[in-house]
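> Could you work out the structure for the sequence below:
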Amino acid sequence: EPKKKAAFGSVGRRIPYRILHLINQDGESLGNMHRAEALKLMDQHDLKLVLLRENAEPPVYRLMTGQQIHEEQLKRAEKKKASPKPGTYIKELSFSSAIAKNDLETKTKQIAQWIEKKYHVRVTIRQAK
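Residues are numbered from 1 along each chain as shown. This next block holds a predicted model:
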């Protein structure tokens, strides 16, 4: 069973790479450096080291405060919640032309929620018998 990707957060002192690209808490690049230098900077400024891009060469880490990490986690959670689940992009709704006013308002609200979630909505109106 493959390991799940760890949540966005401090890596502490567990850095498997010898050379890494470091960005300070203001977003400015500090360049490539050895992991010992990065840990020394982390201790001096009382910051936490966060992995941003593991696939880059060398991997990109950022020095962040606990508050910055918390805000980033909230942003990522909100973005994940807002994105639709794979495979369910089209929603279809059909109703009669003789629909009651309250039912129409309820279905309209439902359509608005689906559109906010970036779903494609197909509405079919049937003629009343």
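> The chain: strands as residue ranges?
19-23, 29-34, 48-53, 60-64, 90-96, 120-126 (DSSP state E).
> In TSV: the ones you listed, plus mean pLDDT, distance to Q110 and mean neighbour count.
Using the backbone N, CA and C atoms, a C-beta is placed for each residue, glycine as well. Converted to TSV, these look like this (pLDDT from 0 to 100; distance: least, Cβ to Cβ, whole Å; neighbours: other Cβ atoms under 10 Å):
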stretch	mean pLDDT	distance to Q110	mean neighbour count
strand 19-23	90	43	18
strand 29-34	89	47	12
strand 48-53	85	38	17
strand 60-64	89	40	21
strand 90-96	85	7	12
strand 120-126	87	9	11
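> Need those in TSV (columns: distance to D103).
Below are those laid out as TSV (distance: least, Cβ to Cβ, whole Å):
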stretch	distance to D103
strand 19-23	54
strand 29-34	57
strand 48-53	49
strand 60-64	50
strand 90-96	7
strand 120-126	13
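> Between the ones you listed, which one is closest to V11.
Using Cβ to Cβ as the measure, strand 48-53 is the one of the strands of the chain that comes nearest V11, at 5.4 Å.
> The closest one packs against which elements?
With contacts taken as 3 or more Cβ pairs under 8 Å, 6 or more residues apart in numbering; DSSP states H and E, strand 48-53 sits against helix 35-44, strand 60-64, helix 66-82.
> Tell me the spacing between D26 and V50.
For D26, the distance to V50 equals 14 Å [Cβ to Cβ, to the nearest Å].
> Residue ranges of each domain in this protein, please.
What the record gives for the chain is the domain set 19-82, 90-126, from the TED database.
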